[in-house]
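Undergrad: Take a look and give me a structure for this.
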Amino acid sequence: MGLTTAGTAATDPETIRRTAEQVLSRPEFQLDPRPETGTTILEWTLRVLRWIIEPFRWLFNAMEGLPDILRWLIVVGLFAALVLLVLHIAYTIVQAVAGPARVRGLSATARAAPRDPSSIERGASEAAGRGDYLSAIRLLFAACLLRLEAAEKQIFRPGTTNREHLKRHRKSPVFEPMKVFVDTIETRWYGQGECGPDDFEACLAAHARIRDLAQEHAHAHRA
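TA: Take a look at the predicted model:
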């Protein structure tokens, strides 16, 4: 009888349930770990700031023996250089991403008047009016190439680079004004300074010179 009672107690449903709960509550059976409590955006921000500041704190302590003002100047100067570097990288990335958008805008304008330099020149004026001087300069250059095509009675090969156009006209009077365009587009396109009104005015003068030379060339051929 005692043996039967012990067997019944061992297989009692309530005892089995409690035992199963104890086993399944062990860490090795927790398949979905719970996120840490108390971790907020502010705490993560503070962690990142501490990670950034730690090297500067180490540098400050490593310069022990120097005047405090000099130590602070060095640390603050390096921190400012780091901030400027990060801003420059961000600006370069933004410029690289915005580049295709500018190209699409230029292509749309060119498609609207593919072989009419006067229309493209009006598009350049509109772009300059919006403050988009780089697109305005590129449009002016496209108009110059069309005027040179008409004057030379030769269609330029599609895909020709700006430098190739410049090399082609290296012995021509249009070389110098064309070089103004090519240098400005290359430096400003790749983020070496902001393209502004002064750049546009310089290219506008170069455009006028190329236009006049193209007209003279065309008149000379007619004569």
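Undergrad: So which bits of stretch 185-205 are buried?
TA: For stretch 185-205, the neighbour count (16 or more other CB atoms under 10 Å) marks 185, 188-189, 191, 195, 199-200, 202-204 as buried. Every residue, glycine included, has its C-beta placed from N, CA and C.
Undergrad: for the host helix or strand of E216, packing partners?
TA: Using DSSP states H and E, E216 maps to helix 197-222. If you count contacts as 3 or more CB pairs under 8 Å, 6 or more residues apart in numbering; DSSP states H and E, helix 197-222 packs onto helix 117-129, helix 133-152, helix 175-189.
Undergrad: repeat that for 6 Å
TA: For helix 197-222, the packing partners by 3 or more CB pairs under 6 Å, 6 or more residues apart in numbering; DSSP states H and E come out as helix 133-152, helix 175-189.
Undergrad: ok, of the buried residues of stretch 185-205, which one's closest to R130?
TA: Closest approach to R130 among the buried residues of stretch 185-205 (CB to CB): F200, at 11.7 Å.
Undergrad: got the contact list for the nearest residue to the closest one once chain neighbours are set aside?
TA: Excluding the flanking residues, the one nearest F200 by CB to CB, 6 or more residues apart in numbering is Y133, at 4.4 Å. By CB atoms under 6 Å, 6 or more residues apart in numbering, the contact list for Y133 reads 195, 199-200.
Undergrad: give me the number of residues near the closest residue to T160 other than its chain neighbours?
TA: Among residues not flanking T160 along the chain, R168 sits closest, at 7.9 Å (CB to CB, 6+ apart). Per other CB atoms under 10 Å, the neighbour tally for R168 reads 17.
Undergrad: Can you give me the neighbour number for the closest residue to D116 other than its chain neighbours?
TA: Leaving aside its sequence neighbours, D116 sits nearest to L146 (CB to CB, 6+ apart; 7.7 Å). L146 sits with 23 neighbouring residues when counted by other CB under 10 Å.
Undergrad: Distance of the residue nearest to F200 relative to L139?
TA: Distance check for Y133 against L139: by CB to CB, to the nearest Å, it reads 11 Å.
Undergrad: again with R130
TA: 12 Å.
Undergrad: Neighbour count: the two, which is higher?
TA: Shown here are R130 and L139; by other CB under 10 Å, L139 has more neighbours (27 against 9).
Undergrad: if we can go back for a sec, tabulate the helices and strands packed on helix 197-222 (a markdown table), appending mean pLDDT and distance to G77.
TA: Output for the helices and strands packed on helix 197-222, formatted as a markdown table (pLDDT from 0 to 100; distance: least, CB to CB, whole Å):
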| stretch | mean pLDDT | distance to G77 |
| --- | --- | --- |
| helix 133-152 | 91 | 33 |
| helix 175-189 | 90 | 28 |
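Undergrad: Quickly compare the ones you listed and say which is most buried.
TA: helix 133-152 (a mean of 23; mean count of other CB atoms under 10 Å).
Undergrad: Sounds good, over and out.
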